[in-house]
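1. can you look at this prediction? I've put the sequence above it.
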Amino acid sequence: MAEKTPEQLERLRRRAAFLRERDEVRALRDRIAPRRARVRQLREAMRRATYHH
């Protein structure tokens, strides 16, 4: 794989941190509002089931 520039590495670090924080926030929200979390999971599953390439 080609070497990444410092800018690309920094961007990847920021993106990884953002995704980690997003997952933490989602987990916290799921613990606080389990019904809403279930609804979100069902909607995501339906979206995946009906998506066609």
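-> Yes, it's here.
2. how close does Ala37 sit to Glu21?
-> According to CB to CB, to the nearest Å, Ala37 stands 18 Å off from Glu21. For every residue, glycine as well, the C-beta is placed using N, CA and C.
3. tell me where the longest helix sits in this structure.
-> Taking DSSP state H as the criterion, the chain has its longest helix at helix 6-32.
4. buried set for that one?
-> By neighbour count on 16 or more other CB atoms under 10 Å, the buried set for helix 6-32 is empty.
5. how about low-confidence regions in the protein?
-> Along the chain, segments meeting pLDDT under 70 span 1, 53.
6. let's go with 90 and repeat that
-> Where the chain drops to pLDDT under 90, the residues are 1-4, 6, 50-53.
7. tell me the secondary structure for Ala2?
-> Three-state call for Ala2 (DSSP: H, G, I helix; E, B strand; the rest coil): coil.
8. can you report how many residues neighbour it?
-> Residues lying near Ala2 (other CB atoms under 10 Å) number 5.
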